[in-house]
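Enquirer: Here is a sequence with its predicted model. Questions after.
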Amino acid sequence: VKDKIEVGLMGLGVVGGGVENALREKAADIAKQVGAPLVMKRILVRDPFKKRACQAQPYLFTTNPQHILNDPEIDIIVEVIGGESPAYDYIKEAISRGKYVVTANKEVIAKHGFELLNLAAEHNVALLYEASAGGGIPLIGPLGHDLLANKISAIHAIINGTTNYILTKMALEDIDFDTALKEARELGYAEADPASDVDGIDATYKLAILAALAFQTQVLPGDVYHEGISHLAARDFRYAKELGYTIKLLAIAKREDDTFQVRVHPTFIPDDLLLARVDGVFNAVQIDGDLSGRILFYGQGAGALPTSSAILADVIHLARNISQGSSPLPRVRMDQTMTVKPISEIRTRYYLRMTVADRPGVLAQIARVLGDFLISISSVIQKEVDESAQSAEIVIMTHPSQERAMQQAVSQMEKLDVVKEISNLIRVED
Ligand code: NAP
Ligand code: HSE
């Protein structure tokens, strides 16, 4: 039983600044909840002389991680540096030295979570990571605890605030990609390297974390098929709307017997789905459980305040355990029998946009190729004609087909003289 809990903060950027601020402003309330005050002992930064928006006391700053890792009085380390290195080494060392760790680092948890959680169990401490997926939305807690009695069959999620902000701006306000990305960066939503958001990598890490908990199996980022949003054009948004769909960067995990599919890619979803109404920095995670039925979690997926809500909940949880001398969380159990279904084997519907020669017989040639690969067309619309180039743009919606067949059909169509360009192929999730 301790009379105060000491905290070491690693990183004082968007999230670290939010955590430091909330810990200071809510100190009295948190002390009541924990039963002992939480004291900020040290803050690791890269540049101690940087001008910062937060009110953190500069005398707490250090550039030497050992000042936190090696301090026997520090009970809990909050890692909000981001990236794999050196954060992974710091977390590992912290756990090995018997410290409790809270992190928002989805890359480290997705790549090394299994190892680190077991290491924490070995050292009789805990590693909590609620903020690593979905910002301020409670997801790790519900999946790791409240939904444990369920067999979860599917997750459909919008779990990257930056890309959802960009897609919303492009679809609803006709703002171009670069302007929308610049805004998302200014608002503190984007990763240090925003390519991680735009290319779907951040969502891949988060999906790996959520799917591992949902299916109670190990899911690594390399298992997740991913595509980013940079190949989407303004006309895709326009056509989606005309067809009754919205385009979202969707993270999908589905259980099929002993296999599961995990994929992140731009997806057409029907306009009337709740997920289609999730705009801006908001995230939403839809989970299908055999007992719970369908559940939808909705909230802000990025930003200093929502993320510090998740981090502080983990800190309070650990601090209570430490102050009351209770034991940490049990070791994770994983089912090792499930395997990942390759993307080539999934079945889904497709939206296909292409530019073709504007002359008789063209559609018949395209339909023949699709038919050869057993792909059935649900609708074809001729969108625009460029008379000077004698070309037309067509949009094809298919019935559910196998991904491998669709990719082969696209390669075959690209070889047709009448096909000038296959402009986009987007999966549809009804
Ligand atoms: P950030 O604004 O770039 O802040 C990173 C902080 O870490 C900075 O204070 C930086 O120091 C420090 N730092 C970086 N490398 C360091 C090193 N090698 N040694 C010591 N300090 C180092 O990042 P962020 O947006 O706060 O994100 C932090 C983590 O939270 C990431 O894992 C991110 O994925 C996750 N996350 C972010 C959000 C969000 O909305 N931003 C939401 C959920 C989760 P200086 O200040 O001196 O440069
Ligand atoms: N860059 C991430 C996002 C931060 O935009 O969702 C939250 O994890």
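Expert: Done, it's in. The model shown is predicted, which means the values in this text are computed figures rather than measured ones. Numbering: from 1, shown residues only. Ligands and ions are numbered 1, 2, ... in the order given.
Enquirer: Next, count neighbours for the closest residue to ligand 2 within the stretch 201-350 of the chain.
Expert: Closest to ligand 2 within the stretch 201-350 of the chain is residue 302: 3.6 Å, counting by Cβ to the nearest ligand atom. C-beta here means a position set from N, CA and C on the backbone, and glycine is covered the same way. Other residues lying near residue 302 total 28 when counted by other Cβ atoms under 10 Å.
Enquirer: Let me know the pLDDT of it.
Expert: The score at residue 302 is 93. That number is its pLDDT.
Enquirer: Now do the contacts for it.
Expert: Neighbouring residues of residue 302 by Cβ atoms under 8 Å, 6 or more residues apart in numbering: 135, 160, 161, 162, 188, 189, 281, 283.
Enquirer: Residue 149: which of the residues you listed is nearest?
Expert: Nearest to residue 149 among these: residue 283, at 24.8 Å, using Cβ to Cβ.
Enquirer: what's across from the closest one in the sheet?
Expert: Beta-bridge partners recorded for residue 283 (DSSP bridges): residue 299.
Enquirer: distance of residue 58 from residue 20?
Expert: When distance is defined by Cβ to Cβ, to the nearest Å, residue 58 is 12 Å away from residue 20.
Enquirer: for this protein, what are the low-confidence residue spans?
Expert: Across the chain, the ranges flagged by pLDDT under 70 are 1, 328-332.
Enquirer: May I ask which helix or strand encompasses the residue of the stretch 201-350 of the chain closest to ligand 2?
Expert: For residue 302, there is no host helix or strand (DSSP states H and E).
Enquirer: Spatially nearest residue to it (excluding sequence neighbours)?
Expert: Leaving aside its sequence neighbours, residue 302 sits nearest to residue 161 (Cβ to Cβ, 6 or more residues apart in numbering; 3.4 Å).
Enquirer: ok, whatever residue of the stretch 251-400 of the chain ends up closest to ligand 1 to residue 277 distance?
Expert: Nearest to ligand 1 in the stretch 251-400 of the chain, going by Cβ to the nearest ligand atom, is residue 302, at a distance of 3.4 Å. To residue 277, residue 302 is 18 Å away according to Cβ to Cβ.
Enquirer: Give me the contact status of the longest helix seen in the chain with ligand 2.
Expert: If you go by DSSP state H, the chain has its longest helix at helix 304-324. No: for helix 304-324, no contact with ligand 2 is found by Cβ under 6 Å from any ligand atom; the gap never falls below 6.6 Å.
Enquirer: For the spatially most central residue of the chain, which residues are in contact?
Expert: Residue closest to the mean C-alpha point of the chain, counted by Cα atoms, centre = their mean, is residue 203 at 2.8 Å. By Cβ under 8 Å, 6+ apart, residue 203 lies in contact with 159, 160, 163, 197, 226, 249, 251, 264.
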